[in-house]
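Visitor: I would like the atomic coordinates for the input below:
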Amino acid sequence: MIPELVELTDAPWKVLPEGIHSATLEETRVRFAINDVRRTLFGGFLEAVVKLADARCLLVFLNGSYVTEKPYPNDYDVCWSPDGINENRLEPIFWEPGLRDQQKIRFMGEFFPSTTIVNETGQTFVDFFQNEKTTGRKKGIVEINLETDPMLSGN
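Guide: Numbering: from 1, shown residues only. Next up, the predicted model:
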């Protein structure tokens, strides 16, 4: 379940409360795809998530202004768990850091392996995503289990 957004002093938008909040793709769509811009972004996110699920990715973590109250976010950020991934089925666009621009063009968001270390912080992406970028204070992210999600039951 996705909790209500909360004020974070000095942050530009309300954010998810601290922690990792489990949700389904449908719950995420209902909660955040609330206008044309957000629906378009969700479409790109869903296209990418289907590809990740096809490669046996089990978990994704959704972040960025998409999971805030910002009315018209430019994109979203995702980190995905490499545990159990079938590397032969995963497109290079998800692995190669040099292809981030192509990710944004194709899926309208950026994707990172969750266990990769963010150079400037020494944190993994899944931990780094839980920091509000303006204030550095803790905030929440959305976790989606691709293995059990009803929207992906055909995968």
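
Visitor: doesn't W13 make contact with T68?
Guide: Yes: look at T68 against W13 with C-beta atoms under 8 Å: they come within range, at 4.0 Å. From N, CA and C alone the C-beta is placed, and that goes for glycine too.

Visitor: surely W95 is in contact with F111?
Guide: No: W95 lies out of contact with F111 (C-beta under 8 Å); the separation is 9.2 Å.

Visitor: show me what the closest residue to I144 other than its chain neighbours is bridged to.
Guide: Distance criterion C-beta to C-beta, 6 or more residues apart in numbering; nearest residue to I144, sequence neighbours excluded, is V60 at 5.2 Å. Per DSSP bridges, the residues bridged to V60 are W80, I144.

Visitor: give me the number of residues near V60?
Guide: Per other C-beta atoms under 10 Å, the neighbour tally for V60 reads 25.

Visitor: what residues are up against it?
Guide: V49, L52, V78, C79, W80, S81, E143, I144, L146 (C-beta atoms under 8 Å, 6 or more residues apart in numbering).

Visitor: for the closest residue to L59 other than its chain neighbours, report the pLDDT, please.
Guide: Nearest residue to L59, sequence neighbours excluded (C-beta to C-beta, 6+ apart): S81, at 4.2 Å. Note on S81: pLDDT of 97.
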